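A.B. asks: After the sequence you'll find the predicted model.
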Amino acid sequence: MTDKMLCEIDSEGVATVTLNRPEIHNAFDDDLIRQLGETFDKLANSGGVRALILASNGKSFSAGADLNWMKRMAEYSEEQNRQDAAALAAMLHKLDQFPAPTIARVQGAAFGGAVGLVSCCDIAIATERASFCLSEVKIGLLPATISPYVINAIGARQARRYFVTAERFSALRAQEIGLVSEVVAEGDLDLTVQKLVNSITDNGPNAVTMAKQLAMSMSNRVINSELQGQTSALIAAVRVSPEGQEGLSAFLEKRAPSWMNTSED
């Protein structure tokens, strides 16, 4: 827990990382980027995290880069700027590759680099009043570091529009182009996120991790005999694994598997 960022893990292994700079719309700087990267590393290596929620306090999700940080960057040499950008790139990669499912909880505006954070998450839930903007070109800059993740989320065609226009667009438009998974009323945001978390934690922990890796590794692959062999070997190994055997036994015996919390408390 820090002034700029909060982190907690509940009894179900659900981690919530919260940007905590509401007075400046959760803008981030090099220090917050470092803290986020370190936190994602610790959570990824802990072995017990089953889902990660990325949230923020206050009216906005994140306004992107902090003004004071931008002032410092303006005085950096090109090499210093490269090193500074590399730290952001590394943090985004850690979020994108996080082993457990990740959910962005977007309650307000997400500008600039914040669109990158949303794009790195597996699922993004936004309220009706959320809005988005890839605003970099307004000040003569580029969304370079976040671009691979944003393009993965919305596709090259939409990126070619929003990268160059810097238009502000709604949550519904974000859903149309794939940046947001679902748009809900403000009062339903936490309930919707919790339902998703419950759906994740009801499933086999190892299977969930492997299923996320599967979706990422199979993207844009050529379907040939080699790929068919890889996928066949993968399901065969999972079927005979302890978790796979427990899941199959529970299904056939019409009972809850051992990883499910069936308590009503």
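C.D. replies: Noted; the coordinates are in hand.
A.B. asks: would you list every one of the helices in the protein?
C.D. replies: Assigned by DSSP state H, the helices in the chain fall at 30-46, 67-74, 78-96, 113-120, 147-165, 171-176, 189-201, 205-217, 225-239, 242-252.
A.B. asks: mean pLDDT for the ones you listed: which is lowest?
C.D. replies: Among the helices of the chain, helix 67-74 carries the lowest mean pLDDT, at a mean of 86.
A.B. asks: Now do the buried residues in that one.
C.D. replies: The neighbour-count check on helix 67-74 (16 or more other Cβ atoms under 10 Å) flags 69, 73 as buried. C-betas here are computed from N, CA, C, even on glycine.
A.B. asks: Equivalent analysis for stretch 70-90, please.
C.D. replies: Buried residues in stretch 70-90, defined by neighbour count with 16+ other Cβ under 10 Å: 73, 84, 88-89.
A.B. asks: Equivalent analysis for stretch 133-153, please.
C.D. replies: Neighbour-count burial for stretch 133-153 [16+ other Cβ under 10 Å]: 133-136, 143, 145-153.
A.B. asks: and the residues you listed, which two are the farthest apart?
C.D. replies: Greatest spacing in those, by Cβ to Cβ: Ser135 and Asn152 (19.7 Å).
A.B. asks: do you know which of the helices of the chain lies nearest Gly13?
C.D. replies: Taking these one by one with Cβ to Cβ, helix 189-201 is closest: 7.3 Å.
A.B. asks: Output that closest one in CSV with nothing but the alpha carbons.
C.D. replies: Provided in CSV are the C-alpha atoms of helix 189-201 (Å, rounded to 0.1, in the frame of the first residue of the first chain):
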residue,chain,number,x,y,z
LEU,A,189,-20.2,-1.7,-12.0
ASP,A,190,-19.0,-3.5,-8.9
LEU,A,191,-21.7,-6.2,-9.1
THR,A,192,-20.8,-6.9,-12.7
VAL,A,193,-17.1,-7.1,-11.9
GLN,A,194,-17.8,-9.4,-8.9
LYS,A,195,-19.9,-11.7,-11.1
LEU,A,196,-17.0,-12.1,-13.5
VAL,A,197,-14.7,-12.8,-10.6
ASN,A,198,-17.0,-15.4,-9.3
SER,A,199,-17.2,-17.0,-12.8
ILE,A,200,-13.4,-17.2,-12.9
THR,A,201,-12.9,-18.6,-9.4
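A.B. asks: Contacts only, for Leu43.
C.D. replies: With contacts defined as Cβ atoms under 8 Å, 6 or more residues apart in numbering, the neighbours of Leu43 are 7, 9, 15, 17, 49, 52, 98.
A.B. asks: switch the cut-off to 10 Å
C.D. replies: Applying Cβ atoms under 10 Å, 6 or more residues apart in numbering, we find Leu43 in contact with 7, 9, 13, 15, 17, 49, 52, 94, 98-100.
A.B. asks: Could you point out which of those residues is nearest to Phe61?
C.D. replies: Nearest to Phe61 among the contacts of Leu43, counting by Cβ to Cβ, is Val17 at 12.7 Å.
A.B. asks: didn't the closest one look like it was pressed against Cys7?
C.D. replies: Yes. Between Val17 and Cys7 there is a contact under Cβ atoms under 10 Å: 5.1 Å.
A.B. asks: Would you mind telling me which of the two has more residues around it?
C.D. replies: Taking neighbours as other Cβ atoms under 10 Å, Val17 and Cys7 compare with Val17 leading, 22 against 18.
A.B. asks: And the more buried one, how close does it get to Ala153?
C.D. replies: 19 Å (Cβ to Cβ, to the nearest Å).
A.B. asks: Restricting to C-alpha, output stretch 127-137 in PDB.
C.D. replies: The C-alpha trace of stretch 127-137 is given here as PDB (Å, rounded to 0.1, in the frame of the first residue of the first chain):
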ATOM      1  CA  THR A 127     -19.800   2.600 -16.800                       C
ATOM      2  CA  GLU A 128     -22.000   4.500 -19.100                       C
ATOM      3  CA  ARG A 129     -20.200   7.800 -18.300                       C
ATOM      4  CA  ALA A 130     -16.800   6.400 -19.000                       C
ATOM      5  CA  SER A 131     -15.000   8.000 -22.000                       C
ATOM      6  CA  PHE A 132     -11.700   7.400 -23.800                       C
ATOM      7  CA  CYS A 133      -9.200   9.300 -25.800                       C
ATOM      8  CA  LEU A 134      -5.800   8.600 -27.400                       C
ATOM      9  CA  SER A 135      -4.800  12.200 -27.000                       C
ATOM     10  CA  GLU A 136      -1.100  12.100 -27.700                       C
ATOM     11  CA  VAL A 137      -1.100  13.800 -31.100                       C
END
